[in-house]
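1. just coords:
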């Protein structure tokens, strides 16, 4: 019945404004939309453009234009359902340099094309060489803390062997336990060998 009601001339102001509003739906605006509910309504309008509208989109767009817009709307809805706001940039269909290590090893073992397997193995060799170069040339973290402790012990032992008994500053260190000096004086009140009376009683009084 909408055909019967559309008796007015298409050149009237009402139809002109309706057509102008409908023509605002462009491919660029569809690609910028981020609301799936709006896209769903737009898809319904494009699908039902010729069914029951007093002035449907079939008059604002021809069949080719409606098909183009409908494809864009459905592609946009699918893209939003994947959690994306833009399409992935197109590149080579199969680039071995972009594969993760796990996928690279899996394809080496399972791919049916020998030529691609050779390329995958070459890429794996290149990555292994790069990792070896980075590990040998850019490691500046220094020795492990345990190795530092061993080196320190060796240096102290060498210095002690060259210069005699250790300094009192290192008397409480764990590396000199074998030369620990008793802190209790002898029965006669004389300090043990190697200690001064003030080391036992800093105030100078006998104990």
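-> It's in. Keep in mind it's a predicted model, so treat the numbers as computed, not measured.
2. what about this structure, any weak spots by pLDDT?
-> Counting by pLDDT under 70, the chain shows low-confidence ranges at 1-11, 52-56, 136-151, 163-207.
3. need the longest helix for it.
-> In the chain, ranked by residue count with DSSP state H as the criterion, the top helix is helix 114-137.
4. Only the buried residues of that helix, if you could.
-> By 16 or more other Cβ atoms under 10 Å, the buried positions in helix 114-137 come out as 119, 120, 123, 124. Quick note: C-beta positions are derived from backbone N, CA and C, even for glycine.
5. Any idea how many residues pack against residue 22?
-> 16 (other Cβ atoms under 10 Å).
6. Contacts only, for it.
-> 57, 60, 61 (Cβ atoms under 8 Å, 6 or more residues apart in numbering).
7. Out of the residues you listed, which sit inside helices?
-> Counting by DSSP H, the part of the contacts of residue 22 found in helices is 57, 60.
8. Among the contacts of residue 22, which one sits closest to residue 93?
-> residue 61 (34.3 Å; Cβ to Cβ).
9. what about the closest one, distance to residue 46?
-> 8 Å (Cβ to Cβ, to the nearest Å).
10. So for the two, which residue has more residues nearby?
-> Neighbours per residue, other Cβ under 10 Å: of residue 61 and residue 46, the larger number sits with residue 46, 23 against 20.
11. Next, that one: phi, psi?
-> Geometry field for residue 46 lists phi and psi as phi -70, psi -40, criterion degrees, to the nearest 10.
12. Tell me which residues touch it, please.
-> Shown here is residue 46, whose contacts under the criterion Cβ under 8 Å, 6+ apart are 57, 66, 69, 70, 73.
13. go on, residue 98?
-> Under the criterion of Cβ under 8 Å, 6+ apart, the neighbours of residue 98 are residue 91.
14. hmm, try it at 10 Å
-> Contacts of residue 98 were listed using Cβ atoms under 10 Å, 6 or more residues apart in numbering, and they are 91, 92, 104, 123.
15. quick check, nearest of those to residue 134?
-> Minimum separation from residue 134 among those (Cβ to Cβ) is found for residue 123, which lies at 16.5 Å.
16. For that closest one, give its distance to residue 133.
-> Residue 123 sits 16 Å away from residue 133 when distances are taken as Cβ to Cβ.
17. next SSE after the helix or strand where residue 20 lies?
-> Under the criterion of DSSP states H and E, residue 20 resides in helix 13-22. Along the chain past helix 13-22, the next helix or strand (assigned with DSSP H and E) turns out to be helix 27-32.
18. hmm, who's touching that next one?
-> Outside helix 27-32, the residues that touch it by Cβ under 10 Å, 6+ apart are 26, 38-39, 42, 65, 68-77, 79, 85-87.
19. repeat that with 7 Å
-> Residues from elsewhere that reach helix 27-32, judged by Cβ atoms under 7 Å, 6 or more residues apart in numbering: 68, 69, 72, 73, 76.
20. And these, which of them are buried?
-> In terms of neighbour count (16+ other Cβ under 10 Å), the buried residues within these are 69, 72, 73, 76.
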